[in-house]
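Undergrad: Next comes the sequence, and after it the predicted model I'd like to discuss.
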Amino acid sequence: MSAILLKPHYQQRLWGGERLKQFGFDFNDPSIGEAWTASALEKGSSAVASGPYVGLSLRELYQQYPELFQIKADVFPLLIKWIDANDDLSIQVHPDDSLAEQLENESYGKNECWYILDAPANATLIYGHSYATSEDFNKALETGDLEHGLIRKSIHAGDFFYVPAGTVHALTKGVCVLEIQQSSDTTYRLYDYERLDVTTGRPRELHVERGILASFVPHLGYSEPIRQLDHFRTRLTKNPFFFVEKWHVTAKEKISTDTFRLLSVVQGTLIIDEMEVPTGGTLLLPANESFLIEGEAICLVTGVPSDEKQAVRIGIDLGGTNTRIAAVSLKGEVLKQLTFNTQPQLPFEEALQSIETAIHQFNVEFDIRHVGIVAPGPLDLKQGMFLTPPNLPNWHHQKIVEPLTQRLGFSVTLENDANAAALAEAKFGAGKGFDAVFYVTVSTGIGGGYVYKHQIIRGANGSAGEIGNMIIRSNGPVHPVLNRGSLESLASGTALMSRASEKGYTNVPSLLSDDEYRHHFVEELASALANIIHTVDPDVIVLGGGVMMSASLFWNELQQAVSNKMYPHASGKTRLCLTQLSGDAGVIGAAFVEA
Ligand SMILES: O=P(O)(O)OC[C@H]1O[C@@H](O)[C@@H](O)[C@@H](O)[C@@H]1O
């Protein structure tokens, strides 16, 4: 069976225009907003345009010839739209599967993604909001003030965004996108700029009540690494509803399908088994077939993933500013990450609720084996609670493990953030292959952790590795919480920033470019590292944290200074390395802390 070309169904929209013609579409209406190139929706199905089934709609093809698709779904699951936003679209949100069933009696929610085809210079789109509580979000909706709290992201042609159901979003004037999504046309409009629909003379309907039920509050930021599959294919997303790959075709390639694929040519011309498909074309590639493709083209290819759930461990890194929740594979790779603003001024219940929402998302997709949380110290690890973390003043003595276990129904572990990062580096990062790994983070504060044979060494009271409080210069600067002249009072990002502003520098890298101040910093940090080596004799010390982003300014000097402070026989034996996991060490480590 050859590839089947599909013919679009066009949708006129108040914000539509004529720019889809640029991508090869052919229509007369001056306000076409959407070309549905693969749709089996009742209100507008695309049609078969080549091969033996010409004349059938995609909807009929799916019903009559399921063998072409080889998936188990009563209703065709995907929808592909090309969108011309000739004006701003409404600010909106979509339901997930369970809400769509509950409120609309529909088979699918509307998780979707955008590939940016064209965008004006300096364009942004709306992706998320900064309202911390439902009360603030609802008030903004009531007063028509929603726009002020929306997050705008800059975009360029070729960018890709996955938009999970629940994300408040809007496309903006001038943007053209290819939208791949679940087969649903349910949009809850939250705000429509108080404009009139010229066809009715009235404003369009809003769906605020249902929109509130569907929206994430606070906003959950989403990230998923792009994966290179082979020399011409990259995977942009794989989620429970669809996967999307970008194929850059420049030579002859043989491809084959298991279940069906939908392929859209977004740039250039693709030749598939001698059929020429220009930009704008969408093909159905039937299941269990092989095809020869060639030409010079960029194609987006989508299909439905198998039902099998990948085993993961969940790591939560609760910080003073952001909380990051990651699904981590058993090999230590971050597969997905959701982030929200921690808002430590609010009751702790709010943070627990957001963690629960995020883990619910992961539970739909993955087989969760464990949940680990890391937080800034000091912590009471035995009781599973915060003690008095300086960045979380409202949550002192708050229990974490017990309420989280109750809400989630999974076993939960708690660990200090630097200990967890040490574990991650030892298992999967710069310390991999060594027995004794010490990790030091030089960031807003300074922390450390020691891992021996993949076990975190916590000490008698759980505070081993708290090197921020190590005294380096007893007559040094006073610290609000820690010892006078402690490492943190001298060499943390905070200490360097205040020294920078005293000396007229605007940032840490400029301070560290000054020979005199760099020398002080290097000597102080090297003293601490030499003390660590003399105490526990690690194979390797891994350094991470924001200040280490400037390591190229002082790395050689630091190595030399540490070496100078060692016993001659030990000098140069302990390796110093930079983190290999950088920002991910906390969540990866959290995921692998054992109960
Ligand atoms: O509510 P309006 O402004 O017409 O926008 C509706 C459109 O929004 C886009 O972001 C997508 O979700 C489209 O699938 C949807 O048709």
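TA: The structure has been received and is ready for your questions. Residues are numbered from 1 along each chain as shown.
Undergrad: all helices for the stretch 451-595 of the chain, in order.
TA: Applying DSSP state H, counting those that start in this stretch to the stretch 451-595 of the chain gives helices spanning 487-491, 493-502, 508-512, 515-536, 555-564, 585-592.
Undergrad: Quick check: which of those is nearest to the ligand?
TA: In terms of Cβ to the nearest ligand atom, the element of the helices of the stretch 451-595 of the chain nearest to the ligand is helix 585-592, at 30.1 Å. From N, CA and C alone the C-beta is placed, and that goes for glycine too.
Undergrad: The closest one packs against which elements?
TA: The elements that helix 585-592 packs onto, with contact taken as 3 or more Cβ pairs under 8 Å, 6 or more residues apart in numbering; DSSP states H and E, are strand 310-318, strand 322-329, strand 334-341, strand 366-375, strand 412-416, helix 417-428.
Undergrad: got the contact list for the closest residue to the ligand within the stretch 351-500 of the chain?
TA: Nearest to the ligand in the stretch 351-500 of the chain, going by Cβ to the nearest ligand atom, is Gln361, at a distance of 19.0 Å. Applying Cβ atoms under 8 Å, 6 or more residues apart in numbering, we find Gln361 in contact with 164, 220, 338.
Undergrad: change it to 7 Å
TA: Shown in contact with Gln361 (Cβ atoms under 7 Å, 6 or more residues apart in numbering): 164, 338.
Undergrad: hang on, Pro403 in a helix?
TA: Yes. Under DSSP: H, G, I helix; E, B strand; the rest coil, Pro403 falls within a helix.
Undergrad: SS state for the residue nearest to it when sequence neighbours are not counted?
TA: Nearest-residue entry for Pro403: Leu352, 5.8 Å, with adjacent residues in sequence omitted and distances by Cβ to Cβ, 6 or more residues apart in numbering. Three-state call for Leu352 (three-state DSSP): helix.
Undergrad: Pro389 too?
TA: Following three-state DSSP, we place Pro389 in the coil state.
Undergrad: For the ligand, what's its nearest residue on the stretch 301-450 of the chain.
TA: In the stretch 301-450 of the chain, the residue that lies nearest the ligand is Thr302 (15.0 Å; Cβ to the nearest ligand atom).
Undergrad: Are we agreed that Cys299 is in a strand?
TA: Yes. Counting by three-state DSSP, Cys299 is part of a strand.
Undergrad: Now do the end-to-end distance for stretch 328-338.
TA: End-to-end distance for stretch 328-338, by Cα to Cα, to the nearest Å: 12 Å.
Undergrad: ok, and what's touching that stretch?
TA: Contacting residues not belonging to stretch 328-338 are listed as 220-225, 310-313, 315, 324-327, 358, 361-362, 427-428, 584, 587-588, 591 [Cβ under 7 Å, 6+ apart].
Undergrad: nearest residue to Gln345 other than its sequence neighbours?
TA: Spatially, and ignoring its direct neighbours in sequence, Gln345 is nearest to Asn394 (6.1 Å; Cβ to Cβ, 6+ apart).
Undergrad: tell me, what residue is most central in the chain?
TA: Residue closest to the average C-alpha location in the chain (Cα atoms, centre = their mean): Ser223, at 1.2 Å.
Undergrad: Tell me the spacing between that one and Ala424.
TA: In this structure, Ser223 lies at 17 Å from Ala424, with Cβ to Cβ, to the nearest Å as the measure.
Undergrad: dump the residue contacts of Val312.
TA: With Cβ under 7 Å, 6+ apart as the criterion, the residues that contact Val312 are 327-329, 335, 366-369.
Undergrad: Mark which of those residues are buried, thanks.
TA: 327-328, 335, 366, 368 (16 or more other Cβ atoms under 10 Å).
Undergrad: Export the residues you listed to CSV and append columns for pLDDT.
TA: Rendered in CSV, the data for the buried ones among the contacts of Val312 read as follows (pLDDT from 0 to 100):
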residue, pLDDT
Ala327, 98
Val328, 98
Leu335, 98
Phe366, 97
Ile368, 97
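Undergrad: Now tabulate those in a markdown table and tack on distance to Leu178.
TA: Output for those, formatted as a markdown table (distance: Cβ to Cβ, whole Å):
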| residue | distance to Leu178 |
| --- | --- |
| Ala327 | 26 |
| Val328 | 30 |
| Leu335 | 24 |
| Phe366 | 27 |
| Ile368 | 32 |
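Undergrad: what pairs with Gln455 across the strands?
TA: Counting by DSSP bridges, Gln455 forms beta bridges with Tyr452.
Undergrad: now Thr339
TA: Note on Thr339: beta-bridge partners by DSSP bridges are Gly221, Arg324.
Undergrad: isn't it right up against Tyr222?
TA: No. The pair Thr339 / Tyr222 is not scored as a contact, 8.1 Å apart, by Cβ atoms under 7 Å.
Undergrad: which of those two has more neighbours?
TA: For the pair Thr339 and Tyr222, the greater number of neighbours falls to Tyr222 (22 against 19), based on other Cβ atoms under 10 Å.
Undergrad: got the contact list for that one?
TA: Each residue near Tyr222 by Cβ under 7 Å, 6+ apart is listed here: 162, 164, 338.
Undergrad: again, only this time at 8 Å
TA: By Cβ under 8 Å, 6+ apart, the contact set of Tyr222 is 162, 164, 167, 336-338.
Undergrad: Need these in TSV (columns: pLDDT, distance to the ligand and neighbour count).
TA: TSV is the format used below for the contacts of Tyr222 (pLDDT from 0 to 100; distance: Cβ to the nearest ligand atom, whole Å; neighbours: other Cβ atoms under 10 Å):
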residue	pLDDT	distance to the ligand	neighbour count
Tyr162	98	13	20
Pro164	98	13	21
Thr167	98	11	24
Lys336	98	21	23
Gln337	98	23	23
Leu338	98	21	25
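Undergrad: Please identify the buried residues of stretch 487-500?
TA: Neighbour counts using 16+ other Cβ under 10 Å place 487-497, 499-500 of stretch 487-500 among the buried residues.
Undergrad: Which positions in this protein make contact with the ligand?
TA: Along the chain, the residues adjacent to the ligand under the rule Cβ under 6 Å from any ligand atom are 13, 15, 81, 89-90, 92, 112, 171, 179, 187, 189.
Undergrad: ok, so of the residues you listed, who is nearest Asn28?
TA: Nearest to Asn28 out of these is Arg13 (Cβ to Cβ; 15.3 Å).
Undergrad: picking up where we left off before, could you measure from the residue of the stretch 301-450 of the chain closest to the ligand over to Ala119?
TA: Between Thr302 and Ala119 the distance, using Cβ to Cβ, works out to 22 Å.
Undergrad: try Phe232
TA: Taking Cβ to Cβ as the measure, Phe232 falls 25 Å from Ala119.
Undergrad: Tell me which of these two has more neighbours.
TA: Under the criterion of other Cβ under 10 Å, the comparison of Phe232 against Ala119 puts Ala119 first, with 22 against 17.
Undergrad: so the more buried one touches Phe161, yeah?
TA: No. At 11.9 Å, Ala119 does not count as touching Phe161 under the criterion of Cβ atoms under 8 Å.
Undergrad: What is the burial count for Cys507?
TA: Quick fix: residue 507 is Asn, not Cys. The local packing of Asn507 (other Cβ under 10 Å) involves 13 other residues.
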